[in-house]
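**Student:** sequence first, then the predicted structure, then my questions.
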Amino acid sequence: TRRLCLPLALALLIPPGARAIDDLGLRVPPGFRVTRYADQDLANDIYAMTLDADGNVVATSQGWVKRLLDTKGSGKADKAEVIALTATGGMGMCFDGGDLYFCGDGWFSCYRAGKEKGTLQPKPERFIPLAFAEHGGHAMRKGPDGWWYVIGGNDSGIDQRHVTRPGSPVKKPQAGAILRLPPDCKSCEVIAHGFRNPYDFDFNADGEIITYDSDVEADYFLPWYSPTRLYHVAYGGHHGWRLNGYLRSWARPDYYLDTVDILYPIGRGSPTGVVCYRHDQFPEHYRGGVFACDWTFGKVYFCPLEPKGATYTTKPEVFLEAVGANGFDPTDIVVAPDGSLFISMGGRKTRGSVFRVEYMGTDREPVKRGTTPRTDLDRVLWAPQPLDAWSRARWEPLARRLGAKPFLDVVLDAGRDEADRVRAVEVLTELFDGLPAGTAEKAAQCLSPLVRARVAWSLGRKFRRGDEPALADLAADEAPAVRVNALDALADHIG
């Protein structure tokens, strides 16, 4: 009986239609293909990964940062260039043009571009101390406002030393936190705290931050166990965790009024890479959702986001997982220029690899808002993964050449798709000093709550005396997301 039950039990765990890639030991949904882009001979034990401005994979581990190149056009990397040296390796990287921002060696720092294209200066410019540890300084991203956002775990050393801006929404950070720094990285504020050890995060198309926090595995089955959990990060909010140290456990439940709600409790695991899919190579179901990696159990979850009030609901589904005995320990995940996913693996001296996941089906739905972009304005507004270095390298020069006026017109154009109008607000905020008073007042009255929410966000990021009446009106808006953004802005500047 036992021999018969085991295969039946295993069969019940396999998602319907899932397809195993036997030689790689990975299972993906129907229509997807997984290939190995790079193996351990090129990059072993990978801690973190990013893409440079040309869309090349860049990986790091103890001692090195490498660019992985497909010089033969075969779809697989055949060359690894060491572009920087690091004692510890990095647990977060992000390019901005030719500069590589980096968390490792005890600092959030930047390897500035060298004199020759594709090279970096040997010594990084140091900005703020962040401990290198499994619960230390991790991922960073250049946000939709052009500022830098950095996430750290509860052993990264984030405290009041990191609060050097007077308007910091968090004055006394507790446990892990998210930092925000201006483009020159000369000052710092804490915008969220109370995390245990989130390794990565991303911005969705609404400009909201999603992250995946860790548990204390030794507490499993105990009454106070906190599962790994997705968060829609609350600006200035405490997310429950109160202690430093990877063995200590003390979290406020999310039913406390002063604690941010958990977006979804996933369960046992070890969260690593997170990315919001803002491309169109995958089917419609995946567009706008979040992929999140679990190192311990060798899974990549997909989390669709459904708006609900000022936040979202989600029900994670297993997108990719290990089968057999090959082993799969994902550490990071990024979206390539063609819309495929790159997923790295490694950690704790394990075998490294980079995999590519592509959708091969013929049933891809067209993008809802139109066909191929016909103008430079469309190319800016419709740019996929607009916060990534390879995408910025394409749309930023176009936007600067166009100037502010076309984007101001889009914000006020009720005939435009609301996603275009939201993106126009972001471009104006990052590149053109925000919304002029007249435009802000008119946009604050538009019918789309998404646009009104982004206008409130922009007024908070580029606050000017005289914006108070518009923000006060938005703070009384009928849409919860609009109220939240307006109240955050008012609290920062006049609260």
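**Tutor:** That came through, no problem.
**Student:** I figured Q62 hits M91, correct?
**Tutor:** No. Assessed by Cβ atoms under 8 Å, Q62 is found out of contact with M91, at 11.0 Å. (Glycine included, C-beta is placed from N, CA and C.)
**Student:** of the two, who's got more company?
**Tutor:** Neighbour count, other Cβ atoms under 10 Å: between Q62 and M91, M91 has more, with 30 against 14.
**Student:** tell me the spacing between that one and T228.
**Tutor:** Distance of M91 to T228, computed by Cβ to Cβ, to the nearest Å: 18 Å.
**Student:** about what we covered before: list residues touching both of Q62 and M91?
**Tutor:** Shared contacts of Q62 and M91, defined by Cβ atoms under 8 Å, 6 or more residues apart in numbering, are found at Y47.
**Student:** how about R33, what does it touch?
**Tutor:** By Cβ under 8 Å, 6+ apart, the contact set of R33 is 21, 357-360.
**Student:** narrow these to those in helices?
**Tutor:** Cross-referencing those against helices under DSSP state H gives no overlap.
**Student:** of the residues you listed, closest to G415?
**Tutor:** When the contacts of R33 are ranked by distance to G415 (Cβ to Cβ), Y359 comes first, at 31.6 Å.
**Student:** quick check on the residue nearest to the closest one when sequence neighbours are not counted: phi, psi?
**Tutor:** Leaving aside its sequence neighbours, Y359 sits nearest to F282 (Cβ to Cβ, 6 or more residues apart in numbering; 5.0 Å). The phi/psi pair for F282 (degrees, to the nearest 10) reads phi -80, psi 160.
**Student:** so what's the residue count around F282?
**Tutor:** Counted with other Cβ under 10 Å, the neighbours of F282 add up to 24.
**Student:** any idea of the pLDDT on it?
**Tutor:** pLDDT for F282: 97.
**Student:** please apply the same query to G269.
**Tutor:** What the model reports for G269 is a pLDDT of 96.
**Student:** does it touch D294 like I think?
**Tutor:** Yes. Counting by Cβ under 8 Å, G269 touches D294, with 4.0 Å between them.
**Student:** higher neighbour count, these two?
**Tutor:** D294 (25 against 22).
**Student:** check what pLDDT the more buried one gets.
**Tutor:** In this model, D294 carries a pLDDT of 98.
**Student:** and the gap between the residue nearest the centre of the chain and C94?
**Tutor:** Nearest to the geometric centre of the chain sits D202, at 1.7 Å (Cα atoms, centre = their mean). Look at D202 and C94: by Cβ to Cβ, they are 11 Å apart.
**Student:** got it, and G75?
**Tutor:** To C94, G75 is 25 Å away according to Cβ to Cβ.
**Student:** with neighbour numbers in mind, choose between these two.
**Tutor:** Per other Cβ under 10 Å, whichever of G75 and C94 has more neighbours is C94, with 26 against 12.
**Student:** name the helix or strand for the more buried one, please.
**Tutor:** Using DSSP states H and E, C94 sits in strand 90-96.
**Student:** list the neighbouring strands of that strand plus their orientation.
**Tutor:** Sheet pairing of strand 90-96 (DSSP bridges) gives strand 99-104 (antiparallel).
**Student:** check which element follows the strand it pairs with along the chain.
**Tutor:** strand 107-111.
**Student:** please name the bridge partners of V34.
**Tutor:** Assigned bridge partners for V34, using DSSP bridges, are V357.
**Student:** looks like it contacts S353 (just checking).
**Tutor:** No. Taking contacts as Cβ under 8 Å, V34 lies outside contact range of S353: 10.9 Å.
**Student:** so between the two, which is more surrounded?
**Tutor:** Applying other Cβ under 10 Å to V34 and S353 shows that S353 carries more neighbours, namely 24 against 21.
**Student:** wait, the residue nearest to the centre of the chain sits on I209?
**Tutor:** Yes. Using Cβ under 8 Å, D202 is in contact with I209, at 7.4 Å.
**Student:** now the helices for the stretch 51-200 of the chain?
**Tutor:** Counting by DSSP state H, counting those that start in this stretch, one finds no helices in the stretch 51-200 of the chain.
**Student:** and I46, what does it touch?
**Tutor:** For I46, the contact set (Cβ under 8 Å, 6+ apart) comprises 59-61, 331-332, 344-347, 352-354.
**Student:** which of those lies closest to F108?
**Tutor:** Relative to F108, the closest of the contacts of I46 is T60; by Cβ to Cβ it sits at 14.2 Å.
**Student:** residues in contact with that closest one?
**Tutor:** The neighbours of T60, taking Cβ under 8 Å, 6+ apart as the test, are 46-49, 66, 86, 89-90, 93, 102, 104.
**Student:** so the residue nearest to Y359 makes contact with V335?
**Tutor:** No. Using Cβ under 8 Å as the test, F282 is too far from V335 to be in contact (9.3 Å).
**Student:** please identify every residue contacting each of the two.
**Tutor:** Common contacts of F282 and V335, defined by Cβ under 8 Å, 6+ apart, are absent altogether.
**Student:** all strands of the stretch 251-400 of the chain, in order?
**Tutor:** 264-267, 271-276, 290-294, 299-303, 306-308, 311-313, 317-322, 330-335, 341-345, 353-359 (DSSP state E, counting those that start in this stretch).
**Student:** what does the stretch 51-200 of the chain give?
**Tutor:** For the stretch 51-200 of the chain, the strands defined by DSSP E, counting those that start in this stretch cover 57-61, 63-69, 79-86, 90-96, 99-104, 107-111, 125-129, 137-142, 148-152, 176-181, 189-195.
**Student:** mind putting those in CSV, mean pLDDT and distance to P316 included?
**Tutor:** Formatted as CSV, the strands of the stretch 51-200 of the chain follow (pLDDT from 0 to 100; distance: least, Cβ to Cβ, whole Å):
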stretch, mean pLDDT, distance to P316
strand 57-61, 98, 26
strand 63-69, 98, 29
strand 79-86, 98, 33
strand 90-96, 98, 23
strand 99-104, 98, 26
strand 107-111, 98, 30
strand 125-129, 98, 33
strand 137-142, 98, 20
strand 148-152, 98, 20
strand 176-181, 98, 21
strand 189-195, 98, 19
